[in-house]
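Participant: generate a structure from the sequence data that follows.
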Amino acid sequence: MKVLWALTRPALETNSNLVRLFGVLKAIVDLGPAASADRDFSETATDVLEKTMHALDALQGALFTFDSTGIRLTCVGASGFDSLEAQASLQIGRQQSQRWSQTREAVIIKAAEDMAELFGQQTQAPFLQHVRCVMPLRMGSGLVGALCLGHRTNQSRYGDLECEALTLLAGHLAMLLQNHTLVLSLRNQISDNLRLLTSLDHSFDDALEAFATTIDAKDKHMRGHSMRVGKYSAGIASSLGMSEGEVHSIRAAGQLHDIGRVSVDKAVSNKTTALRPEEFREIADHTVFGHQIVSSVRFPWKEVPEVVRWHHERNDASGYPDQLYLAELSTPVKIVAVTDTFDAMISDRPYRKGMTVLQAAEELVRLTPVKFDPDVVQGMLVLLRCNLEGKGHNRVAFGPNAGRVTTSDLDRLAVSLVNKTTNYRAYSA
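Facilitator: Next up is the predicted model:
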């Protein structure tokens, strides 16, 4: 019997190791969707942490970020540690910070001395009494965070296999924390600038124009887009009989609608071939990221947050990010949805040539009312006619792709739009 056990034990251990390896690989596969989900970062961090813990049979775990000084850790996700809450912080000494910077592999905590080398006087923190393994998380040579794991199922210890698994997982966890830190920094900088803007008692228009120009400056093919959308939107609002204050507010929302695009990788937005699903998601997420930015600022223009988040929604709920229907969309959102689409249609993109003004107007009418609000599209046609006749305060030069369009063309489209929205019913006095 002993001989049989001696022969089968290596095979069982090998099989167990393979099962553990597959578990770790599955965790890596699962981390991508979990990290890119549209939700609060604390939920994302907790989800990613729990998937990592499951792969390592850990009952307790915590994710920390390091600040720029390398001496303060802040908890962004915790599970199983009763005494540890999100946003709790630990401040370590310079000696411990140097120890962290030199550590490249998981540290298995075997004695109090191991803990003291990493956390110094903070070892008295209650949750640290349960930590059994610590993995530094770094991007390149920079330390971005740490993973702390506590007791495991059946009180088993962490060994070489777990350390190897942590090495595989560490890069993915580090990237999650690095992206969060960069996004948080960018969001704070933009929010600070917006707060400064809204605290001014004068020159709102000049400040907004400067901000709109900054939003579009990242990509050559986007330059002037936010300014034009603001002007188109104000023109449509005027044609719909809105008050002067509402017109000004919608102009501001149009100018800021794409503020979230500052987070989009330039290589993705300038790509000349079809986008991969994850690349489209990155671009689509500009609505969510932009909404997070503007929601932290008290604007004098109440329409800004909803326009920033929902300007890619469509009447039939085929848009993003929340798949809303026509009845759920406000008039400012409907207006910017049309003006943003129109300007995108007539503008060159890395992957196509822009349409003429007439082609774009025809396409808007074709897509109405399934995608766009008929009254708003009719307002766009009125605006184009005013622009053609040199009337109004929102005239825009359409650029080299404008082509030839006449008042007769616009009248024809206006009649076509009325016919579509009334099912071609004829009315007489």
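
Participant: surely Gln95 meets Gly120?
Facilitator: Yes: taking CB atoms under 8 Å as the definition, Gln95 is a contact partner of Gly120 at 7.0 Å. C-beta coordinates here come from the backbone N, C-alpha and C atoms, glycine included.

Participant: give me the more crowded residue out of the two.
Facilitator: Gly120 (18 against 9; other CB atoms under 10 Å).

Participant: show me where pLDDT drops low in the chain?
Facilitator: In the predicted model, the chain carries pLDDT under 70 at residues 1-39, 185-207, 211, 218, 391-397, 399-401, 424-429.

Participant: how about the strands in it?
Facilitator: 61-66, 72-79, 89-91, 107-108, 133-139, 142-149 (DSSP state E).

Participant: what helices or strands is the last one leaning on?
Facilitator: Counting contacts by 3 or more CB pairs under 8 Å, 6 or more residues apart in numbering; DSSP states H and E, strand 142-149 packs against helix 41-55, strand 61-66, strand 72-79, helix 94-102, strand 133-139, helix 160-198.

Participant: what's the closest of those to His286?
Facilitator: Closest of these to His286 is helix 160-198, at 12.0 Å (criterion: CB to CB).

Participant: mind giving me the domain ranges of the protein?
Facilitator: Following automatic domain parsing, one finds the domains of the chain at 2-180, 204-421.

Participant: could you report the distance from the closest residue to Glu328 other than its chain neighbours to Leu147?
Facilitator: Sequence neighbours aside, Glu313 is the residue nearest to Glu328 in space, at 7.9 Å (criterion: CB to CB, 6 or more residues apart in numbering). Computed as CB to CB, to the nearest Å, the Glu313 to Leu147 distance reads 38 Å.

Participant: same check, this time on Ala212
Facilitator: Using CB to CB, Ala212 is found at 42 Å from Leu147.

Participant: got it, and Asn423?
Facilitator: Separation of Asn423 from Leu147 (CB to CB) stands at 62 Å.

Participant: so for these two, which residue has more residues nearby?
Facilitator: Neighbours per residue, other CB under 10 Å: of Asn423 and Leu147, the larger number sits with Leu147, 26 against 6.

Participant: contacts only, for the more buried one.
Facilitator: Leu147 is in contact with 49, 52, 61-64, 134-135, 137, 166, 170, 173, counting by CB atoms under 8 Å, 6 or more residues apart in numbering.

Participant: buried ones among these?
Facilitator: 49, 52, 61-64, 134-135, 137, 166, 170, 173 (16 or more other CB atoms under 10 Å).

Participant: distance to His221 added to those, as JSON lines?
Facilitator: Below are those laid out as JSON lines (distance: CB to CB, whole Å):
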{"residue": "Leu49", "distance to His221": "40"}
{"residue": "Thr52", "distance to His221": "40"}
{"residue": "Gly61", "distance to His221": "45"}
{"residue": "Ala62", "distance to His221": "44"}
{"residue": "Leu63", "distance to His221": "38"}
{"residue": "Phe64", "distance to His221": "41"}
{"residue": "Val134", "distance to His221": "47"}
{"residue": "Met135", "distance to His221": "43"}
{"residue": "Leu137", "distance to His221": "37"}
{"residue": "Leu166", "distance to His221": "43"}
{"residue": "Ala170", "distance to His221": "38"}
{"residue": "Leu173", "distance to His221": "36"}
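
Participant: pick the most deeply packed of the domains of the chain.
Facilitator: Most buried of those by mean neighbour count (mean count of other CB atoms under 10 Å) is domain 204-421; its value is a mean of 18.

Participant: off-centre distance for it?
Facilitator: How far domain 204-421 lies from its chain's middle: 20 Å, per CA atoms, centre = their mean, to the nearest Å.

Participant: again, but for stretch 139-156
Facilitator: Distance of stretch 139-156 from its chain centroid, counting by CA atoms, centre = their mean, is 27 Å.

Participant: ends of it, how far apart?
Facilitator: 30 Å (CA to CA, to the nearest Å).

Participant: name the nearest residue to Thr368, ignoring sequence neighbours.
Facilitator: Once flanking residues are discounted, Thr368 sits nearest to Val377: 4.7 Å by CB to CB, 6+ apart.

Participant: how about that neighbour, what does it touch?
Facilitator: Counting by CB under 8 Å, 6+ apart, Val377 makes contact with 338, 364-365, 368, 417.

Participant: could you do Ala234 as well?
Facilitator: Contacts of Ala234 by CB under 8 Å, 6+ apart are 247-248, 250-251, 254, 394.

Participant: among these, which one sits closest to Glu105?
Facilitator: Checking the contacts of Ala234 one by one against Glu105 (CB to CB), the nearest turns out to be Gly254, at 52.4 Å.

Participant: return the residues in contact with that closest one.
Facilitator: When contacts are counted by CB under 8 Å, 6+ apart, Gly254 touches 226, 229-234, 307, 335-336, 339-340.

Participant: out of those, which are inside helices?
Facilitator: The helices, defined by DSSP state H, take in 226, 229-234, 307, 335-336, 339-340 from these.

Participant: can I get those residues in a markdown table including distance to Ala112?
Facilitator: A markdown table is the format used below for the ones in helices among the contacts of Gly254 (distance: CB to CB, whole Å):
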| residue | distance to Ala112 |
| --- | --- |
| Ser226 | 58 |
| Val229 | 62 |
| Gly230 | 62 |
| Lys231 | 67 |
| Tyr232 | 67 |
| Ser233 | 64 |
| Ala234 | 67 |
| Val307 | 57 |
| Ile335 | 65 |
| Val336 | 60 |
| Thr339 | 65 |
| Asp340 | 60 |
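
Participant: which one of the residues you listed is nearest Asn270?
Facilitator: Ser226 (17.3 Å).

Participant: so the closest one sits against Ala212, correct?
Facilitator: Yes: Ser226 lies in contact with Ala212 (CB under 8 Å); the separation is 3.8 Å.
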